[in-house]
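>>> build me a structure from this.
(chains A and B)
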Amino acid sequence: MDPITLSRWQFGLTTVYHFLFVPLTLGLSWFVAYFQSRYYQTRDEEYRKMTKFWGKLFLINFAIGVVTGIVQEFQFGMNWSEYSRFVGDIFGAPLAVEALMAFFLESTFLGVWVFGEGKVPEKVHHAAIWLAAIGSNLSALWILLANGWMQHPVGYVINEANGRAELVDFFALITNPKGWLFFWHTIAAGLTTASFLIIGVSAYHLIRKQNVTFFKRSFQAGAIVGLVASTLVFFGGHTNGQYMFETQPMKFSAIEAHWETSQPADFSIITIGDLSGKREVWSFRTSQLGIPGVLSFLACNNFDCEVKGVDAIQAEYEATYGPGDYIPLMVVTYWTFRFMMSVGFLMMLLSFLFLLAMRGNYENAKWMKFVPWVIALPYIANASGWILSEMGRQPWIVQGLLKVQDAVSPNLTTVDLLISLIGYTVVYGSLAGAMVYLMKKYAIAGPDAAMHESVDVAPARVGADD
Amino acid sequence: MSYEFLQILWFILIAVLWIGFHFLEGFDFGVGMLLPFLGKKDEERRAIINSIGSVWDGNEVWLLTAGGATFAAFPHWYATMFSGFYLALFLLLVGLIIRGIAFEYRSKDSSPKWRNTFDWMIAVGSFLSALLLGAAFANLARGVPIDENMMFTGNLFTLLNPYGLLGGLTTVVIFLLHGANFLGLKLEGELRERVNVFAKKLWVAASVLYVVLGIFTYVAGFWARGVVNPGFVPVAAVAVLLTTGYFLNNKMEGWAFIMTSLNIVLTQVTFFSMIFPNVMISSTNPAFSLTIYNASSSQYTLTVMSIVALIFVPIVLVYQGWTYYMFRERIKNDKKSLVY
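The predicted model follows:
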């Protein structure tokens, strides 16, 4: 395989891996901070336990997000040096601000929170977890503003003398609607991820009648936040889709395998493509259910607007950018969108049903034994969403300005790439193993084990897998 | 502010970030490498880890900030260095990853095998990181093959030259000594005594290596290629390192730590003075070198970033400094008072 393909695989794998852990960090940090605040207000020991228990799971997950995040910052330069030269004047700024504004805040105050209990004043310890949560979520904002610029470049000019993009309007960069829409969507997705972890783990203990008050309270918090957050994810996604229709029409139509321009445009529920992934063999559409124009609605909030087909946009792009293939890999964009959407709707529905069920004697319900499995749902949606967003931009690395094939480091050889790709796979695989082992162990051991920090007490209570 | 002023300012700011990183993470790496050798019992190892437990992650952010600032202010420097040192940086990342994860995970299971494995991951990760950083900086001082298109034309073995290896090794030993001095300040009882014995031996090795590296730099002419003569700075760096021995012999741990801190700071000042105004010296042809002039971002970006830095750097320094003050007490290695 050539270095470009390997670099793309490496970036995709390391980034999706990184983002398996980040949403939980983003969302769970708010829960832990909130539980701690409740403890300070009420002095209810149960809230202290909730802070400790969910805090433990937060930390186990957090560690992987941090160490894999370093790779993210380095690999722009390592694997994409031509990209870095082209966009550094713009893209470097949010990255530097992210480190300065967010990473320092997050890491410093999380250190205070973990090691400071009893050593720093109670108020400071309390403030520390909130500052860490703010720091984590701020870092998401800056990296999403950076990514937003790749999707929808603003506030720049192309300097003809040195052939690179240069920043002329910092304000435009930090108010890029694309970045803020991603932020909205991502923060809400983080809260959804945390909610479903809390719901799943709580259900596990509730069926076993362990720490019932503790887990009912947790379950309730998860269900309420889960419903609000997954609804926000939906509206954020919908708004994002309309903005995409304006700014990245190719991605929009590729998501739908929408080949031919139509008005009103029809939404495909299932399409089977040919082996090349580029032509339709069979499809089932919303109009066959008697609802025409759903795709038009997704694009522009009315059922009658025109949605350009992939072929038409391809022809336009060839006229603007010269000959080439401007169509993303449709089998990926089409299906990841459907995974993301259906799982997203399922999570909305489930959290609504959980809320309804909470009015009754839900902890004894038979269906509760299936609930721990919901933990997997947000992970499917999160990964699909990012694969869709990044693959949908292909062949561009910066929409309309730079192609992926022109962005790679020219000095790298296949051997370099194989060494690093295999290396990351081995290291990341082992990390995941250790992480899942610990998460499971501490989640199953329950709140009492989490309260003990001493080394000898933990083994007696933790580790017994039933 | 003139364009040239901004370019110089950002060279200095990035130098400050690297100085901060080497000074802070230097003792973290040293503590990490010493861990399995110094701590015999589990509580001792936990006490050693806790000496940096609350701060190492914040210290590592100095590296991320240096990387981000280089990307923002000197994109060509970032692009050439990170792609050129590809495999070395990959190994550095592996080192940082296994070490970071081990800090968090080593006490989360009580099996001695689990803990010992993670303790060695901390040591090996810290060693790899220190070695590669040192080798990378030595190669930056020495010059690396760069063509007229700012492209690195060597490979991993280009970096493994005697000077690079000496730089890596010296950095490892200096960090070991720096870490031992830090532990001298943070530990108590028998462990504190043990650290002192280690530190005295390390001091001898560090002094020898450091002087050899200095002579190599001088003889090979690496010190006089920019427009700034580092002058007395490297001499002062040697002097403070040599006096460390006196303070160690008299159990004056605070002063010993100040001396290794000064040595690290002065070494970095020497390095950045030596290369200025180059940021990457080309060994192929000096005319192909990357400088603050041909590698930098636009005036507008540098201006914006200066404003951001002016606001946030002081804030960060205040709260990070404050955490050191909060956690200034020595760590007791009994089970009751240790945080796991």
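>>> tell me which element residue 25 falls in.
No chain in the question, so chain A it is. Secondary structure assigned from DSSP states H and E places A:Thr25 in helix A:3-42.
>>> that answer is for a different chain, and I need it for chain B
Element membership for B:Glu25, per DSSP H and E: helix B:3-38.
>>> rounded mean pLDDT for that helix, please.
Mean pLDDT, helix B:3-38: 96.
>>> who are the packing partners of the helix holding A:Thr25?
Here helix A:3-42 touches helix A:45-79, helix A:122-151, helix A:177-207, helix A:212-247, helix A:376-391, helix A:414-445, going by 3 or more CB pairs under 8 Å, 6 or more residues apart in numbering or on different chains; DSSP states H and E. Using the backbone N, CA and C atoms, a C-beta is placed for each residue, glycine as well.
>>> can you lay out the ones you listed as a markdown table showing mean neighbour count, distance to chain B and mean pLDDT?
Converted to a markdown table, these look like this (neighbours: other CB atoms under 10 Å in any protein chain shown; distance: least, CB to the nearest CB, whole Å; pLDDT from 0 to 100):
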| stretch | mean neighbour count | distance to chain B | mean pLDDT |
| --- | --- | --- | --- |
| helix A:45-79 | 23 | 3 | 94 |
| helix A:122-151 | 21 | 8 | 95 |
| helix A:177-207 | 24 | 16 | 96 |
| helix A:212-247 | 20 | 21 | 93 |
| helix A:376-391 | 21 | 20 | 96 |
| helix A:414-445 | 17 | 5 | 94 |
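>>> tell me which stretches of chain B form strands.
Taking DSSP state E, the strands of chain B run over residues B:278-280, B:290-291.
>>> and A:Gly360, which of these is closest to it?
Nearest to A:Gly360 among the strands of chain B is strand B:278-280; the distance by CB to CB comes to 67.3 Å.
>>> is the closest one up against chain A anywhere?
No. Against chain A, strand B:278-280 shows no contacts by CB under 8 Å from any CB of the partner chain, the least distance being 12.4 Å.
>>> contacting residues around that strand?
Taking contacts as CB atoms under 8 Å, 6 or more residues apart in numbering or on different chains, the residues outside strand B:278-280 that touch it are B:11, B:74, B:77, B:80-81, B:140, B:144, B:146, B:225-226, B:289-292, B:295.
>>> 10 Å instead?
By CB atoms under 10 Å, 6 or more residues apart in numbering or on different chains, the residues outside strand B:278-280 that reach it are B:11, B:14, B:70, B:73-74, B:76-78, B:80-81, B:84, B:139-140, B:143-144, B:146, B:150, B:152, B:225-227, B:272, B:286, B:288-296.
>>> tell me how many other residues surround whichever residue of chain A sits closest to chain B.
Per CB to the nearest CB, A:Gly88 is where chain A lies closest to chain B, at 2.2 Å. Residues within reach of A:Gly88, counting by other CB atoms under 10 Å in any protein chain shown, total 31.
>>> so what's it closest to, chain neighbours aside?
B:Pro75 (2.2 Å; CB to CB, 6 or more residues apart in numbering or on different chains).
>>> residues of the stretch 101-250 of chain B that sit close to chain A?
Counting by CB under 10 Å from any CB of the partner chain, the positions of the stretch 101-250 of chain B adjacent to chain A are B:101-105, B:107-111, B:114-115, B:117-118, B:125, B:147, B:149-156.
>>> for PyMOL, what selects the buried ones among those?
In PyMOL syntax, the buried subset of those is picked out as below (16 or more other CB atoms under 10 Å in any protein chain shown):
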select buried, chain B and resi 101+102+103+104+105+107+108+109+110+114+115+118+125+150+151+152+153+154+155
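>>> just put the helices and strands packed on helix A:3-42 in TSV and tack on distance to A:Phe103.
Formatted as TSV, these follow (distance: least, CB to CB, whole Å):
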stretch	distance to A:Phe103
helix A:45-79	8
helix A:122-151	6
helix A:177-207	17
helix A:212-247	24
helix A:376-391	21
helix A:414-445	20
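>>> any idea which of these gets closest to A:Leu6?
Closest among the helices and strands packed on helix A:3-42, once you apply CB to CB, is helix A:414-445, at 3.8 Å.
>>> helices or strands up against the closest one?
If you count contacts as 3 or more CB pairs under 10 Å, 6 or more residues apart in numbering or on different chains; DSSP states H and E, helix A:414-445 packs onto helix A:3-42, helix A:45-79, helix A:177-207, helix A:447-451, helix A:457-461, helix B:86-105, helix B:112-142.
>>> at 7 Å what do you get?
Packing partners of helix A:414-445 (3 or more CB pairs under 7 Å, 6 or more residues apart in numbering or on different chains; DSSP states H and E): helix A:3-42, helix A:45-79, helix B:86-105.
>>> how far away from the center of its chain is it?
Here helix A:414-445 is found 19 Å from its chain centre; the criterion is CA atoms, centre = their mean, to the nearest Å.
>>> mind checking the pLDDT average for stretch B:114-132?
Across stretch B:114-132, pLDDT averages out at 96.
>>> tell me which residues of it are tucked away?
Buried residues in stretch B:114-132 (16+ other CB under 10 Å): B:114-115, B:118-119, B:121-132.
>>> closest point of the stretch 51-200 of chain B to chain A, which residue?
In the stretch 51-200 of chain B, the residue that lies nearest chain A is B:Pro75 (2.2 Å; CB to the nearest CB).
>>> what about burial for the contacts of strand B:278-280, which qualify?
So, by 16+ other CB under 10 Å, the buried ones in these are B:11, B:14, B:70, B:73-74, B:76-78, B:80-81, B:84, B:139-140, B:143-144, B:146, B:150, B:152, B:226, B:272, B:288-292, B:294-296.
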